[in-house]
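1. Model the following, please.
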Amino acid sequence: MTIPRGHGETVLVVAGDLDLRGLAAGLLGALGYRVLQAGDGPSALKELQQAASVDLLITDVVLPDAMTARELAGEARALFPDLAVLYSSSDSDEAVRQVERLEDGAELIGRPCHTGDLARRVRAVLGWPQALNVGR
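-> Modelled structure (predicted):
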């Protein structure tokens, strides 16, 4: 099966769970992305403020601090207006509630997901929609 690869785009992965964050970062790094990581909203903002550019924010729908994922995305887009956002959730009920309130252009991926599904969704969110059909 063909898995679409990155071309050096910078992705910030934000998740409170260190194992989940590390797994996603390792996978994306192996696929050719430059990966930054943060465990919560304030840490993510620090990463964003120090970065020269960020192409994609992948954030857990529910973050472990007072900042919501939507607030994080808004602050991130203030720094990088063309930033793509991919929300992630393992709680389908919570995800459905959150998706109803997502801003235009944001996407959601459920967990667990297969490597190929994540790779295709990331490429699609970054502006390569044909990636959703690769390897199917």
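2. what's the helix or strand for the spatially most central residue of the chain?
-> Centroid-nearest residue in the chain: I58, 1.3 Å away (criterion: Cα atoms, centre = their mean). In this assignment (DSSP states H and E), I58 forms part of strand 56-60.
3. residues in contact with that strand?
-> Residues outside strand 56-60 that contact it (Cβ atoms under 8 Å, 6 or more residues apart in numbering) are 9-17, 20, 24, 44, 69, 72-73, 76, 83-89, 122, 125-126. For the C-beta atoms, the positions are set from N, CA and C on the backbone; glycine is no exception.
4. what are the pairing partners of that strand, and which direction each?
-> According to DSSP bridges, strand 56-60 forms sheet pairs with strand 10-14 (parallel), strand 84-89 (parallel).
5. How far does it sit from its chain's centre?
-> Counting by Cα atoms, centre = their mean, to the nearest Å, strand 56-60 is centred 2 Å from the centre of its parent chain.
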